[in-house]
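> Quick one, fold the following:
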Amino acid sequence: MKNIVYIGNKWNKKRNANFTSIDLLEPLFIDCGYKVFSASDKENIFLRMTNMLWMCFNYRNKADYVLIDTYGTLNFYYAYFVSQFCRILKLKYMPILHGGKLPMRLKNSPILSRAIFKNAFINIAPSMYTKSNFEALGFNNIICIPNSIELKNYPFKKRVFNDVRLLWVRSFSRIYNPLLAIKILKALKDESINSRLCMVGPDGDGSLKAAKKYADQLGIEVNFTGKLSKQEWIKLSEDYNIFINTTNFDNMPISVIEAMALGLPVVSTNVGGMPFLIENNKNGVLVEPDSVEAFVKSINNMVSFTQNTTILTQEARACIENLDWKVVKKQWINVLK
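Predicted coordinates for the structure are as follows:
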């Protein structure tokens, strides 16, 4: 049995935040027979870092590998200190490369990036977008293991399009451009299209409050649910027929993968790793970022040409079948053998 130390930002019931990669992968690794020691769910930044380093030290004689969830924002510095501590302890560590901003971090912090990624046992990229960006900057110790879901938890439903029922699922952060979703709804209503919008997710940086205020200013009703459990939003999704992803930066978001699995046609901005997941007009629609007009046009096309939209959702489901955990876990087992 292999022993894994997994370092990441674990969900804490006191924090109103979405589940992260560590919350999703840890139980899956355990089901595969691995022994997993993980950190950290501490709220305080100093305590979280201390807990992460202590976990590595405490299991230094047991751990076969240390997995480190790595993002381009504040978490990047956690990854830096943990990875360098692993080097001191002579532990094999593997950064798991998340977030659409991480390629930008490579250019903005080249010295720290080389210290983390050049010395890794191997780097795990969840998309070919990330892998190609790393390779372009000379990081060759990298493989792609895509984000995955347990497909059995996502029943496919054929949608009807008598009206427009938009669903948006993400944390409310400026990089995900939640205000664009509200602008899209306003534009649809201005065209006298029967439409509504539900936005699911916790507040990340004050954007939820700003979104509510903006909807009030425009005089339109938006259903803000706050954070929902996975089961709750999957159940909620049955009442909606189009999924919109308005982000300005992205990698390979689980929420979009889930929407495709559920039979929701997806309209997404063409940024980051999205074109590596969605083939335009085949299993989803890609539009230019921050464009109300492009979103509205694509939504109208989906509603007007329902047969094409149905085919698109079927293609999306077939694509996501390759991301089922039953398939993806074989790649993890091969790396961790």
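
> Next up, the contacts around L185.
L166, S195, R196, L197, I220, V222 (Cβ atoms under 8 Å, 6 or more residues apart in numbering). Any C-beta I mention is one placed from the backbone N, CA and C, and that applies to glycine too.

> can we see that at 6 Å?
L197, I220 (Cβ atoms under 6 Å, 6 or more residues apart in numbering).

> And for F134?
Here F134 is in contact with I142 (Cβ under 6 Å, 6+ apart).

> Same check on V287?
A294, F295, S298.

> In terms of pLDDT, where does it sit?
Looking at V287, its pLDDT stands at 98.

> And for G100?
According to the per-residue confidence, G100 scores 74 in pLDDT.

> Out of all residues in the chain, which is the farthest from the middle?
S192 (33.3 Å; Cα atoms, centre = their mean).

> so of the contacts of V287, which ones are in helices?
Per DSSP state H, helices hold the following members of the contacts of V287: A294, F295, S298.

> Grab the nearest non-local neighbour of the most centrally placed residue in the chain.
Nearest to the geometric centre of the chain sits P253, at 2.8 Å (Cα atoms, centre = their mean). Spatially, and ignoring its direct neighbours in sequence, P253 is nearest to N245 (6.9 Å; Cβ to Cβ, 6 or more residues apart in numbering).

> so the one you found bridges to which residues?
Counting by DSSP bridges, N245 forms beta bridges with S268.

> Show me where this structure has its strands.
Ranges of strands in the chain, per DSSP state E, are 3-7, 35-39, 65-70, 93-97, 123-125, 142-144, 164-169, 195-200, 223-226, 242-245, 266-269, 285-287.

> Now the second one: buried residues?
The neighbour-count criterion (16 or more other Cβ atoms under 10 Å) identifies V36, F37, S38, A39 as the buried residues of strand 35-39.

> before we move on, the earlier item: got the strands of the chain as JSON lines, with distance to R105 columns?
Compiled in JSON lines, the strands of the chain are given as follows (distance: least, Cβ to Cβ, whole Å):
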{"stretch": "strand 3-7", "distance to R105": "17"}
{"stretch": "strand 35-39", "distance to R105": "22"}
{"stretch": "strand 65-70", "distance to R105": "9"}
{"stretch": "strand 93-97", "distance to R105": "10"}
{"stretch": "strand 123-125", "distance to R105": "13"}
{"stretch": "strand 142-144", "distance to R105": "15"}
{"stretch": "strand 164-169", "distance to R105": "25"}
{"stretch": "strand 195-200", "distance to R105": "28"}
{"stretch": "strand 223-226", "distance to R105": "30"}
{"stretch": "strand 242-245", "distance to R105": "22"}
{"stretch": "strand 266-269", "distance to R105": "20"}
{"stretch": "strand 285-287", "distance to R105": "24"}
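
> Most neighbours of all the contacts of V287, which one?
F295 (28 neighbours; other Cβ atoms under 10 Å).

> what's in contact with stretch 62-79?
Outside stretch 62-79, the residues touching it (Cβ under 6 Å, 6+ apart) are 2-8, 21-22, 82, 86, 91-99, 101-102, 105, 116.

> can you map out the helices along this structure?
21-31, 45-58, 75-89, 102-108, 110-117, 128-136, 178-190, 207-218, 230-237, 254-262, 274-277, 292-304, 306-320, 325-336.

> residues touching M55, list them.
Going by Cβ under 6 Å, 6+ apart, the list of residues near M55 reads V5, F37, A39.

> Try it again at 10 Å.
V5, Y6, I7, F37, S38, A39, S40, A63, V66, V82 (Cβ atoms under 10 Å, 6 or more residues apart in numbering).

> Could you report the distance from the residue lying closest to it once chain neighbours are set aside to I30?
For M55, the nearest residue in space outside its immediate sequence neighbours is A39; the separation is 4.1 Å by Cβ to Cβ, 6+ apart. According to Cβ to Cβ, to the nearest Å, A39 and I30 sit 15 Å apart.

> hang on, the earlier thing: between the contacts of M55, which is closest to K337?
K337 lies nearest to A63 out of the contacts of M55, by Cβ to Cβ, at 15.4 Å.

> Could you report the neighbour count for the closest one?
23.

> Could you do D64 as well?
16.

> Quick check: can you list the domain ranges of the protein?
3-145, 151-322 (automatic domain parsing).

> nearest to K329, of those?
domain 3-145 (6.0 Å).

> Please name the residues that touch the closest residue to L89 other than its chain neighbours.
Closest residue to L89 apart from its sequence neighbours, by Cβ to Cβ, 6+ apart: R60 at 4.8 Å. Counting by Cβ under 10 Å, 6+ apart, R60 touches V5, V66, F85, C86, I88, L89, K90, L91.

> Report the buried members of these.
Buried among the contacts of R60 by 16+ other Cβ under 10 Å: V5, V66, F85, C86, L89, L91.

> Surely the fifth one and W54 touch.
Just to be clear, that refers to L89. No: checked against Cβ atoms under 10 Å, the pair L89 and W54 is beyond contact range at 11.8 Å.

> And the one helix or strand in the chain whose mean pLDDT sits lowest, how far out from the chain middle?
Using mean pLDDT, DSSP states H and E, helix 102-108 stands out as the lowest-scoring helix or strand of the chain, at a mean of 87. Centroid separation between helix 102-108 and its chain, computed with Cα atoms, centre = their mean, to the nearest Å, is 18 Å.

> Nothing else from me, thank you.
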